[in-house]
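When you get a sec, could you give me coordinates for this:
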Amino acid sequence: MQIIDLEQDESIYSVSRLNSEVRTLLENTFPLVWIEGEISNFAAPNSGHWYFSLKDANAQIRCAMFRGNQRKLNFLPKDGLHVLLRARVSLYENRGEFQLIAEYIEDRGEGKLRRAFEALKKKLQLAGLFDPAHKKTLPAFPRHIGVITSPTGAAIRDILTVLKRRYPCASVIIYPTLVQGTAAAPHIVNAFQIATRRNECDVLILARGGGTLEDLWSFNEESVAQAIYQCSIPIITGIGHEVDFTIADFVADERAPTPSAAAELLTPDKIELLQTLHRNKQHFLHRIKQQMVTKNQQLIWINKHLYQQHPKRRLAERAQQLDLYEMNFVQLQQRLINKFRMRMNDLDLRLHQRTPRYAISKANQQTHVLQHQLNEWMLATLSKLQKRLANAAATLDALSPLATLQRGYAVAMKQDLAIIRDIKQVTTGTMIKVRLMNGILDCLVEKVK
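Numbering: from 1, shown residues only. As a prediction, the model looks like this:
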């Protein structure tokens, strides 16, 4: 039999060593990852660090975000919030728990502007501004094309280039306006009013280049939507990119994915040109994405090696451990308080049951019960005796000679009231008494037969 020297066999791991090597393996294998899910069990102890779970329909994972990274956020996470995390894959050695160390959180739910967008969209839809019945048909061969956009932006250059190449016989009238900022919406409304008043175009293009939801917000204003709805000239929009939708797109008679596409929709052979533009766009985005992925991986590896050598890492782990001890202490304290409170309530109840007042009250209750039972027994006994008396009276009445007298019979008695049962007991001239139902007759016997 082979005997293993446990002190020299390096294949036997301690728990601490195994957890440490697993954590190193996880952190070296996985770069910074983006992960999407729903927040649950969110906790923010006094240390300022955040702890929560990130879950989807089938699984969940513990997450931690240290106080230093929270400065990058402009919102407070909460349970039920759908978020996108950029995090490091790690292991909490003290408990052997797989976890993510979040460095950035992005709200993937509807933000303030998105909720305002949906509210206005619903309002205008109920008002009928999106009704297809109000849509005007775009002219097949427009002679005069009006463009409402910024005169210095890329959108106007794209539109003019497409129109010149696709339909050079059409004249182009530019209605310059702001397309971004708080003052943009009134300028856009004013441009529509000027175009309607002049009535010099067959169709209008409302255009702007791409941007964030905030950049495109002037096209989500109700005043712009009303101006488009009230305009008598057919309108096509080309705002942002393909994924960008604005309120103006829903009210307009036609929507194009880009300003260039809006110009192409007004010219012949638009399908071929759109396909070419789409292929070029996808190729360009793919090349940019490849470059970004390569550079991002390089940056991730650099940040990872820098983080592993930084003393802040150990400090953060100790802080996390301290937070765990704090939460456990609070839970233990609450359990002890509840236990002592229940014990005190039990002693108070037992003391109350041993007071003279409680004993007297209990004796009074028993006395009332016994008195009630005695009264019931007396009433039952009295009723029983009354029934027996009634039965005896009825029997006595049935055997009484008075009942016989009531039927017309009489009782003959001597003077000493002895009942005469035989004629031999009297002679002629004897005085007798005859008892009737309602009295006695004194009679003289004159003859005996």
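
where exactly do the helices run in this structure?
15-29, 112-126, 154-166, 184-198, 222-230, 247-251, 259-265, 270-308, 312-353, 356-399, 401-405 (DSSP state H).

Could I get the buried residue list for the fifth one?
If I follow you right, that is helix 222-230. Buried residues in helix 222-230, counted by 16 or more other Cβ atoms under 10 Å: Val224, Ala225, Gln226, Ala227, Ile228, Tyr229. Using the backbone N, CA and C atoms, a C-beta is placed for each residue, glycine as well.

How about the first one?
Along helix 15-29, the positions that meet the burial threshold by neighbour count (16+ other Cβ under 10 Å) are Asn19, Val22, Arg23, Glu27.

So what touches that helix?
Outside helix 15-29, the residues that touch it by Cβ atoms under 8 Å, 6 or more residues apart in numbering are Tyr13, Arg88, Val89, Ser90, Leu91, Glu93, Gly96, Phe98, Lys304, Gln308.

how far is that helix from where the chain is centred?
Computed by Cα atoms, centre = their mean, to the nearest Å, the chain-centroid distance of helix 15-29 equals 39 Å.

Pick out the residue nearest the middle of this structure.
Central residue of the chain (Cα atoms, centre = their mean): Gly80, 9.0 Å from the mean position.

Pull out the CA atoms of stretch 179-199 and give them to me as PDB.
C-alpha atoms of stretch 179-199 as PDB (Å, rounded to 0.1, in the frame of the first residue of the first chain):
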ATOM      1  CA  VAL A 179     -32.000  71.200 -35.900                       C
ATOM      2  CA  GLN A 180     -30.700  70.900 -32.400                       C
ATOM      3  CA  GLY A 181     -31.200  72.600 -29.100                       C
ATOM      4  CA  THR A 182     -34.100  74.200 -27.200                       C
ATOM      5  CA  ALA A 183     -34.600  76.900 -29.900                       C
ATOM      6  CA  ALA A 184     -34.700  74.400 -32.800                       C
ATOM      7  CA  ALA A 185     -38.400  73.500 -32.500                       C
ATOM      8  CA  PRO A 186     -39.800  77.100 -33.100                       C
ATOM      9  CA  HIS A 187     -37.400  77.500 -36.000                       C
ATOM     10  CA  ILE A 188     -38.600  74.300 -37.600                       C
ATOM     11  CA  VAL A 189     -42.300  75.400 -37.100                       C
ATOM     12  CA  ASN A 190     -41.500  78.800 -38.700                       C
ATOM     13  CA  ALA A 191     -39.900  77.100 -41.700                       C
ATOM     14  CA  PHE A 192     -43.000  75.000 -42.300                       C
ATOM     15  CA  GLN A 193     -45.200  78.100 -42.100                       C
ATOM     16  CA  ILE A 194     -43.000  80.000 -44.600                       C
ATOM     17  CA  ALA A 195     -43.100  77.000 -47.000                       C
ATOM     18  CA  THR A 196     -46.900  76.700 -46.700                       C
ATOM     19  CA  ARG A 197     -47.400  80.400 -47.200                       C
ATOM     20  CA  ARG A 198     -45.200  80.600 -50.300                       C
ATOM     21  CA  ASN A 199     -46.600  77.300 -51.800                       C
END
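
avg pLDDT for it?
Mean per-residue pLDDT for stretch 179-199: 92.

Please compute how far it lies from its chain's middle.
Put simply, stretch 179-199 sits 43 Å off its chain's centre (Cα atoms, centre = their mean).

start the count at 471, not 1, going forward
Right, with 471 as the first residue, what we last looked at is stretch 649-669.

can you pull the buried residues of it?
Across stretch 649-669, burial judged by 16+ other Cβ under 10 Å covers Val649, Gln650, Ala654, Ala655, Pro656, His657, Ile658, Val659, Ala661, Phe662, Ala665.

Okay, domains of this protein per the record?
Using automatic domain parsing, the domains assigned to the chain come out as 485-577, 582-602+611-738, 873-914.

Serialize the ones you listed to a markdown table and add fields for distance to Ile770.
Shown next, in a markdown table, are the domains of the chain (distance: least, Cβ to Cβ, whole Å):
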| stretch | distance to Ile770 |
| --- | --- |
| domain 485-577 | 4 |
| domain 582-602+611-738 | 25 |
| domain 873-914 | 126 |
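
winner for burial among those domains?
Of all the domains of the chain, domain 582-602+611-738 has the most neighbours on average by mean count of other Cβ atoms under 10 Å, namely a mean of 18.

gap between it and the chain center?
The answer for domain 582-602+611-738 is 40 Å, by Cα atoms, centre = their mean.

Low-confidence bits of the stretch 671-820 of the chain, can you list those?
Residue ranges of the stretch 671-820 of the chain with pLDDT under 70: 739-744, 777-780.

what does the stretch 471-620 of the chain give?
Applying pLDDT under 70 to the stretch 471-620 of the chain flags the ranges 471-480, 579-582, 585.

Mind jotting down where the strands sit in it?
Using DSSP state E, counting those that start in this stretch, the strands of the stretch 471-620 of the chain run over 503-513, 520-525, 530-535, 552-562, 567-577, 614-619.

The fifth one pairs with which strands?
Read it as strand 567-577. Note on strand 567-577: by DSSP bridges, its sheet partners are strand 530-535 (parallel), strand 552-562 (antiparallel).

Looking at these, which is nearest to Thr900?
When the strands paired with strand 567-577 are compared for distance to Thr900 using Cβ to Cβ, the nearest one is strand 530-535, at 129.1 Å.

Could the C-alpha coordinates of that closest one be exported in PDB?
Provided in PDB are the C-alpha atoms of strand 530-535 (Å, rounded to 0.1, in the frame of the first residue of the first chain):
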ATOM      1  CA  GLN A 530     -28.500  35.100 -11.600                       C
ATOM      2  CA  ILE A 531     -25.100  36.200 -10.500                       C
ATOM      3  CA  ARG A 532     -23.800  38.200  -7.500                       C
ATOM      4  CA  CYS A 533     -22.400  41.700  -8.300                       C
ATOM      5  CA  ALA A 534     -20.500  44.400  -6.400                       C
ATOM      6  CA  MET A 535     -19.700  48.000  -7.400                       C
END
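
I would like the residues contacting that strand, please.
For strand 530-535, the surrounding residues in contact (Cβ under 8 Å, 6+ apart) are 507, 510, 519-525, 555, 557, 562, 567-573, 575, 790.

Swap in 7 Å and give it another go.
The contact list for strand 530-535 (Cβ atoms under 7 Å, 6 or more residues apart in numbering) reads 519-524, 555, 557, 567-572, 575, 790.

Okay, the nearest residue to Glu563 once chain neighbours are set aside and Ile482: tell me how far apart.
Leaving aside its sequence neighbours, Glu563 sits nearest to Asn489 (Cβ to Cβ, 6 or more residues apart in numbering; 4.2 Å). For Asn489, the distance to Ile482 (Cβ to Cβ, to the nearest Å) stands at 15 Å.
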